[in-house]
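Participant: below: sequence and its predicted model.
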Amino acid sequence: MRKKWLSAILPIMALPLFINLVAPQDREAPQITADTPVWDILTFLGEPTPNHQSKDAVKGASPEQGETLVTTGFASKPSGGKTGKQSKHFVCTSCHNIQKEDPDLSKADPQARLEYARDNGLPFLQATTLHGAVNRTSFYNGDYEKKYGELVKPARNDLREAIQLCAVECAQGRKLKDWELESILQYMWTLELKLADLSLTEEEMAELKQKVAAHKQGKDDETLNWLKARYLQGSPASFTKPPENRGTGYGLTGNPDNGQLIYDLSCKHCHENKRYSFFQLDDSPMTFKYLKNHIGRYSHASIYQVIRYGQQPLYGKRSYMPQYTQEKMTDQQLEDLRSYIELKAK
Amino acid sequence: MKYFYLLLFAFLWTLPGNAQIRVYQAFKDTRVINSHSIETTPRRKMDIRIGHRFGDFAGARGGWQSFYGLENAEDVLIGVNYGVSDNLAVGFFRTKGASQLQQLLHGEVKFRIFHQTADNSVPLSLTATSLATVSTMEKSENPESLANFDKFSHRMSYHAQLLLARKFSDRFTLQLMGGYVHRNQVASNDENGLLHLGAATRVQLTKVFGLIVDFAYPISSLRNADNGYYPPLGIGLEIETGGHVFQLNLTNATGLMETDYIPNTRTNWGDGEYRIGFTISRLFNL
């Protein structure tokens, strides 16, 4: 009799627990402020979490380790001591900024980026900033397939693979160990986009607040698309050629003031005092004369050639120069650089 | 002597920190022609160096019969320099040797004590070098020979010097140096210790080409023309191509390292006893 009573009452008692487990729950809406991470809002609105969420359980991984790897190429081994340098030639910040580098994240505008770099004391670089990298969904986009071929395929939709490709091919260094990779990823998560980065107006912030407050369950595609349109999901990359005639260039009139910005923020970032290069650039008239005299040539000493094609890493000499895509330096900017060089060479 | 160290310490203490902008590339290479320059191999870079001094260009042993010295090799160097830091480099070299002591191995340490700064708060750069040389040649049974090594220490010779330089402009650098060579084994009528002074300069002609000159003067009553010794003087063209520095030079010195050419230069420009030489330097990232 007692067993029958128990068998009847237990399922009834377990029912609320079951309902609680399977029923959708109201989650707490994120606060909408300038400091709110964009990913917090995306996931609240139903966006699946990205596959590059960092794995906290990897022993030795930390954002601090990631930061030193990104900025110096070294880190402290989990077992003690210092790692070997990831690359003999470069660190991540040779080619990537770690700050916001575009005033409007929804478009790739090299001139706006150059002016933003000038105003914020940043270099003007070939590669896309690591700031907001975890908010992007595709990597090594566009024409990078022409350069790296099959290697791009696993990296295109996987940030971990993209980091490894960058470490081995772009930086000509060693493959990252798991804890190093997770450290860099954890550091990148500290650089994720916040609402303030999207430059939303007060009205847009209020509208977003309303939409988030009203959201209960499911996926709000409309708001998700609206929010994701505020920043690029991947950096476009279009390889482009030097002008057919190096003597006449692209046929555009250059602005030497703008050219000076490029020379100072871009060329000298790597070449001043041979920071990342064996080739020295400075402000001496001899240097400008050398650059001017080589503009018209079909060699990597021509700014047209080296900026548009870059250099290839050679065996035994794996330091090289990556090219500037059209989205990183326009033809007009290249002519601006030429006009500055010609002006200073007089 | 302790006052000297106190003064040196006080001077170094007053020097500005790294925050000030340094003047770089007073010279393109760590050596001018025969002598060191104030430059040190940058941190984590390896400099592979090959140097060569051919035979006399003219004079009794030069001219057509030796194809202007190109068919002879007075000295040959191969070695490596490594930048432990931006201010400290170590090097290891082998030279043939151009004097009685041959088959030489050289260990070298070079330290940049301070840098010239762009704002002129430090108007000069100062570098110290030290060199230890050992001859690995077979022991001679001839008691008159310098190679009659009674002890291992007789194989050794040393050099230390200070180099002071200023880069006056992108085109012009001047360096003064003073040093001391000590040879453990010398001829009975020679002296073990030898002070020397010297000067070097670089005139940059274009981005790629520079004119370089260096000169060393041994301070010794024994080192004069009457005894058949001449001060080493070199003049050369320096070509920098990014990663490579190539020097083509003419010098009356036959040896390539200080323990060799400072005490042992017995060839005279005036007699056509100068030679073509070259040095190739190639930097690698490590």
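Facilitator: Yes, it's here. Numbering: from 1, shown residues only, chains lettered A, B, ... in the order given.
Participant: all contacts plus neighbour counts: C-alpha atoms, from now on.
Facilitator: Fine.
Participant: my read is B:Gly178 is in a strand, agree?
Facilitator: Yes - assessed by DSSP: H, G, I helix; E, B strand; the rest coil, B:Gly178 belongs to a strand.
Participant: look up the closest residue to it, ignoring the ones flanking it.
Facilitator: B:Leu197 (4.3 Å; C-alpha to C-alpha, 6 or more residues apart in numbering or on different chains).
Participant: quick one: classify the one you found as helix, strand or coil.
Facilitator: Secondary structure of B:Leu197, reduced to three states by three-state DSSP: strand.
Participant: nearest to chain A: which residue in the stretch 51-200 of chain B?
Facilitator: B:Asp170 (6.5 Å; C-alpha to the nearest C-alpha).
Participant: can you list the residues of the stretch 1-150 of chain B near chain A?
Facilitator: In this structure, the stretch 1-150 of chain B approaches chain A at residues B:24-25, judged by C-alpha under 8 Å from any C-alpha of the partner chain.
Participant: please redo it, this time with the cut-off set to 10 Å
Facilitator: Taking C-alpha under 10 Å from any C-alpha of the partner chain as the contact definition, the stretch 1-150 of chain B meets chain A at B:22-25, B:42, B:44-45.
Participant: buried subset of these?
Facilitator: In these, burial by neighbour count holds for B:22-24, B:42, B:44-45, counting by 16 or more other C-alpha atoms under 10 Å in any protein chain shown.
Participant: could you dump the residues you listed to a markdown table with pLDDT?
Facilitator: As requested, these are exported to a markdown table (pLDDT from 0 to 100):
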| residue | pLDDT |
| --- | --- |
| B:Arg22 | 90 |
| B:Val23 | 91 |
| B:Tyr24 | 90 |
| B:Pro42 | 93 |
| B:Arg44 | 92 |
| B:Lys45 | 93 |
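Participant: need these in JSON lines with distance to A:Pro285 and secondary structure, can you?
Facilitator: What follows is those, written out as JSON lines (distance: C-alpha to C-alpha, whole Å; DSSP: H, G, I helix; E, B strand; the rest coil):
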{"residue": "B:Arg22", "distance to A:Pro285": "19", "secondary structure": "strand"}
{"residue": "B:Val23", "distance to A:Pro285": "16", "secondary structure": "coil"}
{"residue": "B:Tyr24", "distance to A:Pro285": "16", "secondary structure": "coil"}
{"residue": "B:Pro42", "distance to A:Pro285": "25", "secondary structure": "coil"}
{"residue": "B:Arg44", "distance to A:Pro285": "30", "secondary structure": "coil"}
{"residue": "B:Lys45", "distance to A:Pro285": "28", "secondary structure": "strand"}
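Participant: return the residues in contact with residue 186.
Facilitator: You didn't pick a chain, so chain A it is. A:52-56, A:61-67, A:134, A:180 (C-alpha atoms under 10 Å, 6 or more residues apart in numbering or on different chains).
Participant: oops, wrong one, chain B.
Facilitator: B:145-147, B:154, B:157, B:192-193.
Participant: switch the cut-off to 8 Å
Facilitator: Listed by C-alpha atoms under 8 Å, 6 or more residues apart in numbering or on different chains, the contact partners of B:Val186 are B:146, B:192.
Participant: output the below-cut-off pLDDT ranges for chain A.
Facilitator: A:1-27, A:315-318 (pLDDT under 70).
Participant: from it, which residue is nearest to chain B?
Facilitator: A:Phe279 (4.4 Å).
Participant: ok so, going back, what's the closest of the buried ones among the residues of the stretch 1-150 of chain B next to chain A to chain A?
Facilitator: Proximity of those to chain A (C-alpha to the nearest C-alpha) peaks at B:Tyr24, which lies at 6.8 Å.
Participant: just to check, that closest one is in contact with A:Asn273?
Facilitator: Yes - between B:Tyr24 and A:Asn273 a contact is recorded at 6.8 Å, counting by C-alpha atoms under 8 Å.
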